[in-house]
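K.L.:
sequence first, then the predicted structure:
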Amino acid sequence: MWRYPIKSMRGEPLAAAEFSSDGVYGDRLVQVFDRRGRLITARTHPALLGHQGTLGADGEPMVDGHLWTTPEAEALVVAAAGPGAHLRRVDASRFDVLPLLIATDGALESFGRDARRLRPNLIIGGVDGLQEREWEGRRLQVGVAVIALDSLRARCVMTTFDPMSLAQDPDVLRDIVRRFDGTICLNASVITPGLVAVGDSIALL
């Protein structure tokens, strides 16, 4: 399970989290904007992927251990995204498609690369091969929470950047297009909220 408190920065692994209509608690709370107020992501500024987003004990996002409102955090963002770049809390339209991205271990094994390139929120274990490609429109019960599986996620250039070294390999996206028709993982939303923990039982409804 993963949460990304600051959009386009590295996520943090979780043992448990509350799932609600906003997805994983604390996900994508803060985003990067340029001096004109336009959203900046790692699609155009991949250096953002080199910084670690976390959620502090007080529920506030942090950049590499610095509270997101501090000059230290701002300096890191400017260095990664250019002069005038700044962080802003976003309450609406926080997600590119839907609040959750669901992956399965079978699809990740077929993908054959670091799963963090795909930035999933939840990885479902015990799934053979590419069964997730048949799950569009189904529902998934994870513990007490129920998740609606909407559609396969079309992938972008962010998958080409190594999550640790940031080295770019364009063949990653070409391979996703060639072998997976450009899509992998599932866009999803929460129907029934609740606490979800690693190791919870899963049922495809």
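P.N.:
All right, it came through fine. Quantities reported herein were computed from a predicted structural model and do not represent experimental measurements.

K.L.:
for Trp68, see how far away Asp58 is.
P.N.:
Distance from Asp58 to Trp68, counting by Cβ to Cβ, to the nearest Å: 12 Å. Placement of C-beta: from N, CA and C, glycine included.

K.L.:
the more surrounded of those two?
P.N.:
Neighbours of Asp58 and Trp68, each counted by other Cβ atoms under 10 Å, are more numerous for Trp68; the result is 22 against 7.

K.L.:
beta partners for the nearest residue to the more buried one once chain neighbours are set aside?
P.N.:
Nearest non-adjacent residue to Trp68, counting by Cβ to Cβ, 6 or more residues apart in numbering: Pro61, 4.6 Å away. Per DSSP bridges, the residues bridged to Pro61 are Leu55.

K.L.:
low pLDDT regions in this protein?
P.N.:
Within the chain, not a single segment meets pLDDT under 70.

K.L.:
name the helix or strand for the residue nearest the centre of the chain, please.
P.N.:
Note on the chain: the residue nearest the mean C-alpha position is Arg119, at 3.9 Å, using Cα atoms, centre = their mean. Using DSSP states H and E, Arg119 falls within no helix or strand.

K.L.:
ok, now the one 10 residues further on?
P.N.:
Gly129 belongs to no helix or strand when assigned by DSSP H and E.

K.L.:
spell out the secondary structure type for the spatially closest residue to it that is not a sequence neighbour.
P.N.:
With Cβ to Cβ, 6+ apart as the criterion, Gly129 has its nearest non-adjacent residue at 4.7 Å, and that residue is Gly106. Under the three-state scheme (DSSP: H, G, I helix; E, B strand; the rest coil), Gly106 adopts helix.

K.L.:
could you list every residue that touches the residue nearest to Trp68?
P.N.:
Contacts for Pro61 (Cβ atoms under 8 Å, 6 or more residues apart in numbering) come out as 5-6, 26, 29-30, 53-55, 68.
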